[in-house]
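>>> Following is a predicted model, sequence given first.
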Amino acid sequence: MADQSFKRKLSAIISADVKGYSKLMGDDEETTVRTLKAYRSAINDLSEQYRGRIVDSPGDNILAEFNSVVDAINCAVEIQRELAERNAELPENRKMEFRIGVNLGDVIEEEGRIYGDGVNIAARLESLAEPGGICISGRTYDQVENKLGLKYENLGEHQVKNIARPIRVYRVLSYPGAAAYRVVQAKETLEWKWFKIAIPTAVVVTLLAALGIWQFYTQRPSVETASVEKMAFPLPDKPSIAVLPFANVGADPDQDYFSDGITDDLINDLSKASGLFVIARNSVFTYKGRPVKIQQVAEELGVRYVLEGSVRRGGDKLRVNAQLIDATTGHHLWANRYDGRIDDVFALQDKIRQKIIAALAVKLTIGEKETVDRKHTDNIAAYDRFLQGRAHYLQRTPEDFAKAVKYFKEAVELDPEYSRAYAMLALTYWESHHNFWNQSLGVPWYGARIRAQTYLQKAMKNPTALVYQVESRILIGLHEHEEALDSAERAITMDPNDADSYLYMAYALIHGGRPEESFDFINTAIRIDPNYPAYYLFVLGLAHFNMDQFEAAADAFERALQRNPVNYVPLIYLAAAYALLDRMQEAATAIQKLNESLPVVSVDFESHPVMAGRYKRSADRDRLLDGFRKAGLPETPYDILHRLEND
């Protein structure tokens, strides 16, 4: 009866460990742990890519399970290829080489763990493998002998510990990892000793490289096709693409901001093409660090094409891998590797972008080509600071805003003409003013507003879609509604796939007294960015509020607060919406929460020209003030602004 409580199944198992791990730890524990963490992350990603899962990873050991033995072998080969390339960049005494054993056998599964001889044999095969090598069982060999185009060496039968019968063992002799590693070594030899190498040798090396590349791409895993019928949104009437966050596969996890920046810039460049539909950064970054399939991404975001890739930054060297996949057919349209130095990062981005546009047969207008080709800065150090600042800004907390400002200021010190950095300084100061986060920046409340305007003027010397977005938002605060609409329209023209441009247009329409026109722009922003941030809901709530649709407004404000409880501005409007719905107890609760976060808010504060000036129509201002008074917000004198200045 006991056996019936266990689930038995046939699985392909990979067992891997590090050769000489104890010595590596003895020589340098911290470096070894960092390298192991990076390599383990790469192995985990590859296992998921080949439809497997990591079952256990104690110490330097890794145990993975696959439903298909072909997937398991392909994954093992890819692991050794990837790690061989990484090791080629490390000093000899820091190389971390894994031994891999692969077995097909019966296992017992309990609570996600697997046990039995199938696992034990994989572990014994691992111990027989060379560093950087793969050994497989006879049973595994029988299944894949003629399926993968690999060569094997029969090592005969081996009697291994705790296994009753001898097992047949085969060594994998030729695989892309080994070929790629030999080609790297041959290339280095050519660079230093080219005058000693004859032309026939160069031809052989070239053929080996071609063979390695051919094997690598022809043996990549097939992609499960996405169903157009199951997509969350109808496919657009033009090529649609989602750029997944490029993985940081370098040894330093702190370089995530750099790989994220590569992703951001590709999205920004592609989104300027009116012939493309490009999913926004916010939505694709919800997949970062998650085991997702191309099929899942395409169906959830409603796109046909998916771009994925990786970035490795080591010292001044840079390697970018990218591949474009048609999710509806599972075909790889193209895949390539780009090697260079950090100074080449802009050129590498251009190459990838051009490949995508060519593969999707998209034609750029002359204006779009000029916009896409325009470089924001040629200063790599300034670009690096900008990326670090943007990474903190996107966290949207007072503390991160302070860090973001520091990096943006360093960026403009390095490049005084860096328009994007000035725009982000303006936006960060303006949002700090609007959210009462000025204290974290060490400036008075009104001082944050002044600095935002100053930095915007500098950004306007080289305007971009981002610059026009920020200008539109600030112009609303200056009661220049028609000008704010013009700026939002320019932002959309310059970047027709930027969701924020449409949202800023909606925001300008709402405050300009035309809320009924804002919904189309809000819906467009949400389609481009299906996993939209909290402030999209806040703007949606404002549109409903200014059309006297208070139930819908309250629902939107509530959802905005659920997504971002730190931003308490929606509480101000939620209290008014509740009061106008005669939901007085909920209004009182909202005011209580508001006072806990920001005790200085009052009716007079919202009616001050600085705040009320956001509305063009007096009816919109009066509606809001009526809600405040009915909710019971305390009336205080105008010296509230002076209190804010002194906080």
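Thanks, I have the structure now. The structure displayed is predicted, hence computed values, not measured ones. Residues are numbered from 1 along each chain as shown.

>>> Now do the helices in the stretch 451-600 of the chain.
For the stretch 451-600 of the chain, the helices defined by DSSP state H, counting those that start in this stretch cover 465-477, 481-494, 499-511, 518-528, 534-545, 550-563, 569-580, 584-597.

>>> isn't there a helix covering residue 235?
No - looking at residue 235 with DSSP: H, G, I helix; E, B strand; the rest coil, it is coil, so not inside a helix.

>>> Verify the contact between it and residue 305 for me.
No - the pair residue 235 and residue 305 does not pass the contact test of CB atoms under 8 Å, sitting 10.5 Å apart. (Glycine included, C-beta is placed from N, CA and C.)

>>> sorry, back to before: now the helices of the stretch 451-600 of the chain in CSV, please, with extra columns for mean pLDDT, mean neighbour count and distance to residue 75.
As requested, the helices of the stretch 451-600 of the chain are arranged in CSV below (pLDDT from 0 to 100; neighbours: other CB atoms under 10 Å; distance: least, CB to CB, whole Å):
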stretch, mean pLDDT, mean neighbour count, distance to residue 75
helix 465-477, 91, 24, 41
helix 481-494, 94, 20, 44
helix 499-511, 94, 27, 36
helix 518-528, 95, 20, 35
helix 534-545, 94, 23, 39
helix 550-563, 94, 20, 37
helix 569-580, 91, 25, 47
helix 584-597, 86, 16, 50
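
>>> Could you say which one of those comes nearest to residue 164?
helix 550-563 (58.3 Å; CB to CB).

>>> Helix 569-580 and that closest one, what's the angle between them?
150 degrees (axes from the mean of the first three to the mean of the last three CA atoms, to 10 degrees).

>>> Which strands and helices lie in contact with helix 550-563?
helix 534-545, helix 569-580 (3 or more CB pairs under 8 Å, 6 or more residues apart in numbering; DSSP states H and E).

>>> contacts for it?
533-535, 537-538, 540-542, 544-545, 567-568, 570-571, 573-574, 577-578, 580-581, 583 (CB atoms under 8 Å, 6 or more residues apart in numbering).

>>> what does stretch 231-241 give?
Residues from elsewhere that reach stretch 231-241, judged by CB under 8 Å, 6+ apart: 228, 270, 275-279, 298-307, 356, 360-362, 527, 530.

>>> One more: stretch 460-472?
272, 376, 417, 419-420, 422-424, 426-427, 430, 452, 456, 459, 484-485, 487-488, 490-492, 494-495, 498, 500-501, 504-505, 507-508.

>>> who's more crowded, residue 235 and residue 305?
Just comparing residue 235 and residue 305: by other CB atoms under 10 Å the higher neighbour count belongs to residue 305, 23 against 15.

>>> Pretty sure the more buried one sits against residue 330.
No - look at residue 305 against residue 330 with CB under 8 Å: they stay out of range, at 11.9 Å.

>>> Against residue 8, how distant is residue 102?
Computed as CB to CB, to the nearest Å, the residue 102 to residue 8 distance reads 20 Å.

>>> So for these two, which sits in the more crowded spot?
residue 102 (31 against 12).

>>> What are the phi and psi values at the closest residue in space to that one that isn't next to it in sequence?
Spatial nearest neighbour of residue 102, excluding adjacent residues (CB to CB, 6 or more residues apart in numbering): residue 136 at 4.5 Å. Per-residue torsions, residue 136: phi -130, psi 160 (degrees, to the nearest 10).

>>> My understanding was that residue 136 contacts residue 167; is that so?
No - Residue 136 is not in contact with residue 167 according to CB under 8 Å; the separation is 10.3 Å.

>>> contacting residues around the residue nearest to residue 578 when sequence neighbours are not counted?
Nearest residue to residue 578 in three dimensions, chain neighbours excluded: residue 587, at 3.8 Å (CB to CB, 6+ apart). Counting by CB under 8 Å, 6+ apart, residue 587 makes contact with 575, 576, 578, 579, 630, 631, 632.

>>> of those residues, closest to residue 108?
residue 578 (56.7 Å).

>>> where's that closest one relative to residue 584, distance?
Residue 578 is 7 Å from residue 584, by CB to CB.

>>> swap in residue 472?
36 Å.

>>> shared neighbours of residue 578 and residue 584, anything?
Residues touching both residue 578 and residue 584 by CB under 8 Å, 6+ apart: residue 631.

>>> ok, and the helix or strand in the chain with the lowest average confidence?
Lowest mean confidence among the helices and strands of the chain (mean pLDDT, DSSP states H and E): helix 176-193, at a mean of 37.

>>> Can I get the contacts of residue 587 in a markdown table including distance to residue 263?
Shown next, in a markdown table, are the contacts of residue 587 (distance: CB to CB, whole Å):
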| residue | distance to residue 263 |
| --- | --- |
| 575 | 39 |
| 576 | 39 |
| 578 | 40 |
| 579 | 44 |
| 630 | 47 |
| 631 | 43 |
| 632 | 47 |
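
>>> PyMOL command for the buried members of the contacts of stretch 231-241?
If you want just the buried ones from those in PyMOL, going by 16 or more other CB atoms under 10 Å, the selection is:
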select buried, resi 270+276+277+278+279+298+299+300+301+302+303+304+305+306+307+356+360+362+527+530
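
>>> pretty sure residue 339 is touching residue 321, no?
No - using CB under 8 Å, residue 339 is not in contact with residue 321, being 9.8 Å away.

>>> So those two - more neighbours on which side?
Neighbour tally, residue 339 and residue 321, criterion other CB under 10 Å: the higher count belongs to residue 321, 19 against 12.

>>> So that one: helix, strand or coil?
Residue 321 - assigned by three-state DSSP - is strand.

>>> Who is it paired with across the strands?
Under DSSP bridges, the beta-bridge partners of residue 321 are residue 310, residue 337.

>>> Would you mind confirming that residue 135 is in contact with residue 171?
Yes - applying CB under 8 Å, one finds residue 135 in contact with residue 171, separated by 5.6 Å.

>>> Mutual contacts of those two, please.
Between them, residue 135 and residue 171 share the contacting residues 129, 155, judged by CB under 8 Å, 6+ apart.

>>> more neighbours, those two?
residue 135 (28 against 17).

>>> isn't there a helix covering the more buried one?
No - read with three-state DSSP, residue 135 is strand and lies in no helix.

>>> Who does it form a beta bridge with?
residue 101, residue 171.

>>> Residue 10 versus that one, what's the distance?
20 Å.

>>> Pull out the buried residues from stretch 126-142.
So, applying 16+ other CB under 10 Å, buried residues of stretch 126-142: 126, 128-129, 132-141.

>>> and that stretch, how far apart are its ends?
Criterion CA to CA, to the nearest Å; first-to-last residue distance in stretch 126-142 is 18 Å.
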